[in-house]
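Chemist: Structure of the sequence below:
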Amino acid sequence: MKALGVDLGTTSVAAVVFDTAAASVVWSMSRPHGASLQVSDPLAAEQDAARIMDIAAGMVDAGLAAHPDVQALGVTGQMHGLIYLDDRLRPLSPLFTWQDGRGGRRVADGELETFAQQLSRLTGCRVAPGFAMATHAYLAAHGLVPRGAASLVTLPDAFAARLASRSRPLLHASLAHSMGGFDLDQAAFSADGLAAAGIDLALIPEVVSDPTVVGAYRGVPVAVALGDHQASFLGAVGAEEGAVLVNIGTGAQVSVCVTGSPALPSEAELRPFVGPRRLASVATLAGGAAYALVASFFDRVVRMYGQEPVRSAYDALDEAIGAWREAGGGPFPRVRPTFFGVRWSEEQGARIEAWTAAGMVPEAFAWGVLRGIAEELHAGYLRLLGDEKPAPSAIAGAGNALRQNRHLLDAVAEVFGCPVSLAPYPEEAAQGAARWAAMAV
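Modeler: So this is what the prediction gives:
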């Protein structure tokens, strides 16, 4: 069977046609979507949802034209975020992405609790700033929910509903859980807690836990959308218990496939996956976006001298770090690259330690950031399983930031103390969406 999967990511859209019999990608397409919007609020993070969905629709059409024998369509994409739809499933708002921090503001002047903390307390479920319910609570409290909103969903849900021509969105547990306020054991939103927080339950669509066909597009069955974390794991590793995946895109996660409900530290999450399997995960905000800040920093240094960069900062850093390492390297700073904060606490800002005069060179700083990204994930892995556990003999790697940066790949292998195996084909999330769709039909 051939299945088409499309991934509506934070910075790009990708689609693949996956041949399940040959376990190979037979067609692919990807492009940046350039959908980020300029906003005045420093904590806001918004994207043009209609633009992203239009690009994705074009890719679906291109994939079907190239492979008219496709028998299933799968959708995945960025989790946690929020888009409002009207009763005809048309976007009424931009996409408020997972990077939107307004849910971390206090519920009122003089109050100690943030919107995210209040939701966590009332629902008994972990809710962090950037989660859809926290963002929605902030927007509702400030009169910013668009008039005529009939449902609130994630971007992949909205696109799957558009493809399938549904009258009402349908959510898979993976994306519903990412919105916050979702009880994993009950496989349902915590209705009482959300209502106590003032959230209109009529806005929340139905949730399913299994691979489900939600409709058809041009005669091809469309599966309910799957979270990009779960899709990446499925595309890169499968669903084998005990498998470990390090996924570094704009953000980053380390995940282990488990069964049941193991005890986890407070900063870890247990997420829905396939059947009885779940993903025990620690997510960080220190991923590709952290290294992008480094590249942007050096671009600004060039412009400070009145020059325009003549090449990509990423390429220049890749060469410089490579030459520096081949020459034996040298002292480099210990960097905790939490430029965007820490998901499980209110801690803000990055830290740089032990940066000596001997290591005061750009490539040492850049390498320190890459090591810091890996160390954040490794620390999460140790918290996830307990540091008395043996190091994994091998881990799988996924995500464009990891795939496109050889030094980041080396840093992860060094810090984890084992080889990192990348999936044979890029766009793991789109592959996972295709495999998910094949499971649904």
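Chemist: What strand or helix carries residue 18?
Modeler: Residue 18 belongs to strand 12-19 when assigned by DSSP states H and E.
Chemist: buried stuff in the very next helix or strand once past that strand?
Modeler: If you walk from strand 12-19 toward the C-terminus, the next helix or strand you reach (DSSP H and E) is strand 24-32. By neighbour count with 16 or more other Cβ atoms under 10 Å, strand 24-32 contains the buried residues 25, 27-30. (Glycine included, C-beta is placed from N, CA and C.)
Chemist: what does strand 24-32 rub up against?
Modeler: 2, 11-19, 55, 59, 62-63, 66-67, 425-427, 430-431 (Cβ atoms under 8 Å, 6 or more residues apart in numbering).
Chemist: That strand pairs with which strands?
Modeler: Within its sheet, strand 24-32 is paired with strand 12-19 (antiparallel), according to DSSP bridges.
Chemist: How far off centre is the strand holding residue 18?
Modeler: 17 Å (Cα atoms, centre = their mean, to the nearest Å).
Chemist: swap in stretch 429-441?
Modeler: Using Cα atoms, centre = their mean, the offset of stretch 429-441 from its chain centre is 17 Å.
Chemist: With just CA atoms, put that stretch into CSV.
Modeler: Listed next in CSV are the C-alpha coordinates belonging to stretch 429-441 (Å, rounded to 0.1, in the frame of the first residue of the first chain):
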residue,chain,number,x,y,z
ALA,A,429,7.1,13.0,11.0
ALA,A,430,5.5,12.9,7.5
GLN,A,431,6.5,9.2,7.2
GLY,A,432,4.9,8.5,10.5
ALA,A,433,1.7,10.2,9.4
ALA,A,434,1.7,8.0,6.3
ARG,A,435,2.2,4.9,8.3
TRP,A,436,-0.5,6.0,10.7
ALA,A,437,-2.9,6.5,7.9
ALA,A,438,-2.1,3.0,6.5
MET,A,439,-3.0,1.7,10.0
ALA,A,440,-6.4,3.5,9.9
VAL,A,441,-7.7,2.1,6.6
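Chemist: Relative to residue 265, how far out is residue 383?
Modeler: 5 Å (Cβ to Cβ, to the nearest Å).
Chemist: what do you get for residue 73?
Modeler: Distance from residue 73 to residue 265, by Cβ to Cβ: 38 Å.
Chemist: More neighbours: these two, which one.
Modeler: Relative neighbour count places residue 73 above the other of residue 73 and residue 265, with 31 against 13, counting by other Cβ atoms under 10 Å.
Chemist: Look up the closest residue to the more buried one, ignoring the ones flanking it.
Modeler: The shortest distance from residue 73 to any non-neighbouring residue, by Cβ to Cβ, 6 or more residues apart in numbering, is to residue 222 (4.6 Å).
Chemist: That neighbour reaches residue 164, doesn't it?
Modeler: Yes: shown here, residue 222 and residue 164 form a contact pair, counting by Cβ atoms under 8 Å, at 4.3 Å.
Chemist: quick one: which of the two has more around it?
Modeler: The neighbour comparison of residue 222 against residue 164 (other Cβ under 10 Å) goes to residue 222, with 29 against 23.
Chemist: who's in contact with the residue nearest to residue 73?
Modeler: So residue 222 contacts 72-75, 160, 163-164, 213-216, 437 (Cβ under 8 Å, 6+ apart).
Chemist: do the same with residue 412
Modeler: 246, 248, 374, 377, 395, 397, 402, 420.
Chemist: Derive a ChimeraX selection command for the buried subset of these.
Modeler: To isolate the buried subset of the contacts of residue 412 in ChimeraX, counting by 16+ other Cβ under 10 Å, use the following:
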select :246,248,374,377,395,397,402,420
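Chemist: from the contacts of residue 412, which is closest to residue 312?
Modeler: residue 402 (17.9 Å; Cβ to Cβ).
Chemist: quick one, phi/psi of the closest one?
Modeler: phi -70, psi -40 (degrees, to the nearest 10).
Chemist: these two touch, right, residue 399 and residue 248?
Modeler: Yes: with contact defined as Cβ under 8 Å, residue 399 counts as touching residue 248 (4.3 Å).
Chemist: Find the residues that touch each one of those two.
Modeler: Counting by Cβ under 8 Å, 6+ apart, the contacts common to residue 399 and residue 248 are 287-288.
Chemist: now for the biggest helix by length in the chain, which elements pack on it?
Modeler: Secondary structure assigned by DSSP state H gives helix 362-385 as the longest helix of the chain. Contact here means 3 or more Cβ pairs under 8 Å, 6 or more residues apart in numbering; DSSP states H and E; on that basis helix 362-385 packs against strand 244-248, strand 252-259, strand 277-284, helix 288-304, helix 313-326, strand 334-336, helix 406-416.
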